[in-house]
Structures are given as C-alpha cells and as structure tokens.
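1. Any chance you could fold what I've pasted below:
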Amino acid sequence: MAVTALVLVGLGSCVAAGKAVQSDRYDRAFAAEVYSAGYDGIADFYVDAIPTEAIALGALSGVSTLDPALGYARRGDRLTVSLEGRPIAEFVTPGADDVPRWAMLTSAAIDAGRGASKAVQDASPERIYEVTFASALRQLDRFSRYLGADEARKAQAARNGYTGVGITIAEREGSVWITSVFGGSPAEEAGLAAGDRIVGIGGESALGLSLDDVADRLRGLIGSRVEVLLDRAGTTVAADLERRPVIETTVRTRRLNDIAYVGLSGFNRDTASSLERALADLQETGGKPLRGVILDLRQNRGGQLNQAIRVSDLFIDRGTILDTRGRHPNSIQRFEAHDRDATTLPMVVLIDSGSASAAEIVAAALQDAGRALVVGARSYGKGTVQQIVPMPNDGELILTWARMHAPSGYGLSTFGVFPSICTAEGKVDVETVVQGLRDGRLQAGEAVHRRRVAESLDTVSREALLSWCKADHPQSDDDLDTQLARRLLNERDLFQQAFNASRIALGERPAILQ
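-> Next comes the predicted model:
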C-alpha cells in the first residue's frame, strides 16, 4: 500500500459551520460533533477532572483495534499518525482542555488513518465510535460506558417504557420465545404465555429473524395492531394485539400467609407507584392483617435514582435517605424522607452480591434508619450515580458523576451494603441460623460492624473483607433467605433480638418495634 505524504494540519476554531447529517459513511464534520459532545460531557459531568487531551488520546489509541498497524503518538505539540511505524500525517495539538479542537483533531486524525488503512476505511462510523469511546472511557471508572444508537434505544425503553405488546423474549435454537408477559399488557389480555414460540408477525414468517428484528416488528405506533402467530406445544395460536405504551413490570408481590413478599427486579419510572399500589392491595386481601414485609432486592441491578428514593420514602417517614457527592455542583445533593404516613410494618430486606446501585440505596437507607433487618450477602458495591449524555448519532454516553453515601456516612462503592445477618458463609439451614442467633454463636450485626471498620483496614485485610459474605442467592418462596425472613417476622422476640444487635453494631441505641 502506498504511504501518503506527511501533512501538517492546523485546526479551525469551531466544530462545524452547520449541523452535519449522520450517514453510513464516515463524515469528518459529523464525527467531530459526536466527539465534541462526548468530550464536553466528560469535562462537565464526570466525577473527577480528566484533561480532554487524555480522553482524546485514549480515543485515538482505540483505532488500533481495527488496524494494529495504525499508530497515534503525541510528541511535544504534535500528534503523529503512522502506519507500520512510518508517519503519514501530523497535527498541531491544542491546549489540554480545548474540547472543540480536540474533537476536530480526533475526527481528522481518524480520517487520516482511513486514507491509509482499508480496515478502518471499511469500518462503519458506529464501529469507529464504539472502539474509540471504549478506549477513551478506560481512563474513567468501570461504570462509565458508551452505548450506540441501538443499545441506547433499548436502554431508554427499559427506563421509560415503549410502545409494544408487553412481553420479554429470548432467542434459542434458532427461534424466538416468549419468556415473560407483563401484567395488564395487551399480551396478557390476549392470553400469550411464557414458553410460546413466535412463528409469525404481521402475516409474515418470523422463523430465522433475529431477536432485534422480532422486537422491532412487535413495536409500533400507539393504537396500531399486529397479528402474532405462536407455536404453543405444537398447537398454532393466533393473537391480534393492539400496541400500547408498555413499562416493564419490576414489582412482583404475593402473600406468604400474613407476610407480604415484595420482589423488585429493577427501578424504572413506574416502580415506586406500582409498589405502593401492590402493598395497598396486599393489606386488603388475605383475610387477616399483615405481620411484616419481606423486600427482596437480590439480583436487582438498579435503575433510576429517583425511584430508589421514592421506594425508600414508602418505608421511612423522616431523616436522610442518601447523600451524593461529585464535582458538578448539581451532583452534590441530600435526599430526605418526607414526614408522611410511611408503612410501619416490621421489615426484612434480602440482598446478595447481585444487588447494585439503586437497590443498594434502598437497603442502606432502610438499614441505617432502623426500619429493617438486612439478610443475605454483601451487595455489589456500585455506589455511583450516572449521568446520561445524549449524542448526535443517537447514542448515549453514560458517565459517573457522583458517589453515593449512606445516611450514616459510609460510601456505597467498593464494599457495598453489609447485611445484618450474613447467610453466605458455609452451608446452613434456617434452624442452624435461628439457634445460632438464640445462643449467641451467630452475632446479628457482625457484618455491619465489619463494614464500619472497613475503611481503617490495611490493604490485605480489605481484600479479605471483600471476599467475605459474598454470594448470589437463589430466589423462591422456599430459599434459605426467604425462610429466615419469614421466621424472623413471625417470631417477634427473635426479630427484636436480631434487630437490637444490628442497631448496636451500627453504633445506635436499640429500639422497640411495635
């Protein structure tokens, strides 16, 4: 391949004279807008100050993912683009935090590489954005990430809902199957069920379609209709469905005699309202008053911050729920419970090492407020809040912009929330745990005490603590954690003993629960 002549390129003072149009081909002006939006977002929102220069150089290093022969090197005030070690272009570098010029330089330097590398030239613009932003964001934390347009659309649907029929689907053995049906959805009303195989959509075969293709065909304008053909255990079933706004169901409830079991799978815009309605329904059904609540947050990966605050507020009538602290002025916030009629029933919260983010907010708030015993395993330890930066290519940049602190002041990152009673150590049954609590061999609050001293430990001790009380737990009516929660709520003296020990471990006086 012929090597192009070395060029010294100066940069103008603006990203583009007018808004460029996104296309399937790499457009230098439009790419500069994309990088400018990303670099601006990092400069404005990321929790720690990072020079734009470092982000841009990190982005350019990602181009080698497409062609390892391409290199980008900063030497003094010059950026050199090389192919197999031979310079092919050179650019004057701007100031360390000059976002517009670094965005233009990034775009121009990639364009120079495209002129010399067929691999980069053949890559779609989206592929280029993926590899460059992935490389740039490695300099941030593990929770900051880039989503392309397709991924961003799915994330938006999970957060805010979408227009469709109300099912989740999965692909296996070359077919697309229904895995769950949302309550109150068009799919539920039409009798669709988990285990149905989708074989036709809109009068056309669905066999051979990808998961994304099936999802796209099921969605459409509000009020429009779609005919779905299903294979149900060898029987063909047809359903005519009206598309409606759909929000994924994140709340599942049931009565376990006089105990309310509430499982939250995530936190979307409807979670708190759904939970409030579900609790009211459980109170009114079953024939006898509820004795307590089990709130199951195991494997809950989180979701919207405001929903975690609202869920906590359903159970806490006053005091702090969460503090967030970051570099941006708006990231420094304190969220307080409102003086209102919160649910006062005794509670057990279930967590495990899959409980993260918004789930950790709720668990920590209820534990620190003295509203609940927390049972299970140490949570994931995400402990950060993300800001969403919309991108010109319809993608999103998800940036960490604040760190979360429990009401008692400890950070939720790294160690997460420690349960009042750890069930992750050794193979035990409910009777063993209960007897251990009664005779003092199992100290409720031991894990909480360990969390209190975590920050003062040396490196070796911190690593040992990170591996302690860690597990992903099965979820059912009859798993160990749920059995223990029911036992605690049904035996009030045992609950009070464990609750008081947990409060003492938190450094507070015990309370008498009504």
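
2. Could you report the neighbour count for the residue lying closest to A308 once chain neighbours are set aside?
-> Excluding its sequence neighbours, the residue lying closest to A308 (C-beta to C-beta, 6 or more residues apart in numbering) is A358, at 3.7 Å. C-beta: built from backbone N, CA, C; applies to glycine. For A358, the count of nearby residues is 29 (other C-beta atoms under 10 Å).

3. for A358, what are its contacts?
-> A358 makes contacts with G266, F267, N300, G302, G303, Q304, L305, Q307, A308, as judged by C-beta atoms under 8 Å, 6 or more residues apart in numbering.

4. how near is it to Y162?
-> Using C-beta to C-beta, to the nearest Å, A358 is found at 20 Å from Y162.

5. any idea where the strands of the stretch 51-200 of the chain begin and end?
-> 70-75, 78-83, 86-92, 145-147, 162-164, 167-172, 175-181, 197-201 (DSSP state E, counting those that start in this stretch).

6. Repeat that for the stretch 401-514 of the chain.
-> Using DSSP E, counting those that start in this stretch, strands in the stretch 401-514 of the chain cover 421-422.

7. So, low pLDDT: which residues of it?
-> Within the stretch 401-514 of the chain, the stretches with pLDDT under 70 are 426-427, 441-449, 452, 477, 503-514.

8. buried stuff in stretch 344-362?
-> 345-362 (16 or more other C-beta atoms under 10 Å).

9. What mean pLDDT does that stretch get?
-> Stretch 344-362 carries an average pLDDT of 94.

10. Then stretch 36-52?
-> 95.

11. just stretch 94-101 next, same as before
-> pLDDT averaged over stretch 94-101 gives 95.

12. if you look at the buried residues of stretch 344-362, which of them are in strands?
-> For these, the ones inside strands are M347, V348, V349, L350, I351, with DSSP state E as the criterion.

13. okay if I get the residues you listed as JSON lines plus distance to A43?
-> Converted to JSON lines, those look like this (distance: C-beta to C-beta, whole Å):
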{"residue": "M347", "distance to A43": "43"}
{"residue": "V348", "distance to A43": "44"}
{"residue": "V349", "distance to A43": "38"}
{"residue": "L350", "distance to A43": "40"}
{"residue": "I351", "distance to A43": "36"}
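
14. Of those, which is the nearest to P474?
-> Within these, the smallest distance to P474 is 11.2 Å, found for L350 (C-beta to C-beta).

15. Any idea what the closest one is bridged to?
-> D296, V375 (DSSP bridges).

16. what about it, distance to V293?
-> 11 Å.

17. V385 contacts N306, correct?
-> No. The pair V385 / N306 is not scored as a contact, 10.7 Å apart, by C-beta atoms under 8 Å.

18. more neighbours, those two?
-> V385 (23 against 14).

19. how does this structure divide into domains?
-> Domain assignment for the chain, taken from automatic domain parsing, gives 19-140, 162-246, 251-388+400-505.

20. Which one of these lies nearest to E151?
-> Of the domains of the chain, the one closest to E151 (C-beta to C-beta) turns out to be domain 19-140, at 9.6 Å.

21. Columns distance to V228 and mean neighbour count on top of the strands of the stretch 51-200 of the chain, output as JSON lines?
-> Output for the strands of the stretch 51-200 of the chain, formatted as JSON lines (distance: least, C-beta to C-beta, whole Å; neighbours: other C-beta atoms under 10 Å):
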{"stretch": "strand 70-75", "distance to V228": "48", "mean neighbour count": "17"}
{"stretch": "strand 78-83", "distance to V228": "52", "mean neighbour count": "20"}
{"stretch": "strand 86-92", "distance to V228": "54", "mean neighbour count": "18"}
{"stretch": "strand 145-147", "distance to V228": "29", "mean neighbour count": "20"}
{"stretch": "strand 162-164", "distance to V228": "11", "mean neighbour count": "19"}
{"stretch": "strand 167-172", "distance to V228": "9", "mean neighbour count": "15"}
{"stretch": "strand 175-181", "distance to V228": "10", "mean neighbour count": "18"}
{"stretch": "strand 197-201", "distance to V228": "6", "mean neighbour count": "18"}
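
22. CSV for these, including distance to F315?
-> Shown next, in CSV, are those (distance: least, C-beta to C-beta, whole Å):
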stretch, distance to F315
strand 70-75, 53
strand 78-83, 55
strand 86-92, 57
strand 145-147, 32
strand 162-164, 30
strand 167-172, 28
strand 175-181, 27
strand 197-201, 40
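
23. nearest to A32, of those strands?
-> strand 86-92 (13.0 Å).

24. tell me which strands and helices that closest one is in contact with?
-> strand 8-9, strand 78-83, helix 99-116 (3 or more C-beta pairs under 8 Å, 6 or more residues apart in numbering; DSSP states H and E).

25. That strand vs helix 99-116, what angle?
-> Relative orientation of strand 86-92 versus helix 99-116 (axes from the mean of the first three to the mean of the last three C-alpha atoms, to 10 degrees): 160 degrees.

26. Centre of the chain to strand 86-92, how far?
-> From the chain centre to the centre of strand 86-92 is a distance of 41 Å (C-alpha atoms, centre = their mean, to the nearest Å).

27. Pairing partners for it, with directions?
-> By DSSP bridges, strand 86-92 pairs with strand 8-9 (parallel), strand 78-83 (antiparallel).

28. what's the least confident stretch among these?
-> Among the strands paired with strand 86-92, strand 8-9 carries the lowest mean pLDDT (a mean of 40).

29. Can you point out the buried residues in the helix or strand following that one?
-> Reading on from strand 8-9 to the C-terminus, the next helix or strand found by DSSP states H and E is helix 28-45. If you call a residue buried by 16+ other C-beta under 10 Å, then helix 28-45 has these buried ones: 30-43, 45.

30. Among these, which one lies nearest to R138?
-> I42 (12.5 Å).

31. Relative to A149, how far out is the closest one?
-> From I42 to A149 the distance is 20 Å (C-beta to C-beta).

32. Equivalent analysis for D478, please.
-> Taking C-beta to C-beta, one finds D478 at 44 Å from A149.

33. More neighbours: those two, which one.
-> A149 (14 against 8).

34. Show the pLDDT at the residue nearest to that one when sequence neighbours are not counted.
-> Computed as C-beta to C-beta, 6+ apart, the closest residue to A149 that is not its neighbour in sequence is D394, at 4.0 Å. Reading off the confidence values, D394 has pLDDT 93.

35. tally of neighbours for D394?
-> 15.

36. so it sits right up against E151, yeah?
-> No. If you go by C-beta under 8 Å, D394 and E151 don't touch, sitting 10.3 Å apart.

37. Any regions of the stretch 251-400 of the chain where pLDDT drops low?
-> Ranges of the stretch 251-400 of the chain meeting pLDDT under 70: 339.

38. residue ranges for the strands of it, please.
-> Using DSSP E, counting those that start in this stretch, strands in the stretch 251-400 of the chain cover 251-256, 259-264, 292-296, 320-325, 333-336, 347-351, 372-376, 384-390, 396-405.

39. okay if I get the ones you listed as TSV plus distance to L314?
-> Below are the strands of the stretch 251-400 of the chain laid out as TSV (distance: least, C-beta to C-beta, whole Å):
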stretch	distance to L314
strand 251-256	12
strand 259-264	10
strand 292-296	10
strand 320-325	11
strand 333-336	14
strand 347-351	11
strand 372-376	12
strand 384-390	21
strand 396-405	19
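
40. Of the ones you listed, which is nearest L275?
-> That would be strand 251-256 among those, by C-beta to C-beta, at 5.1 Å.
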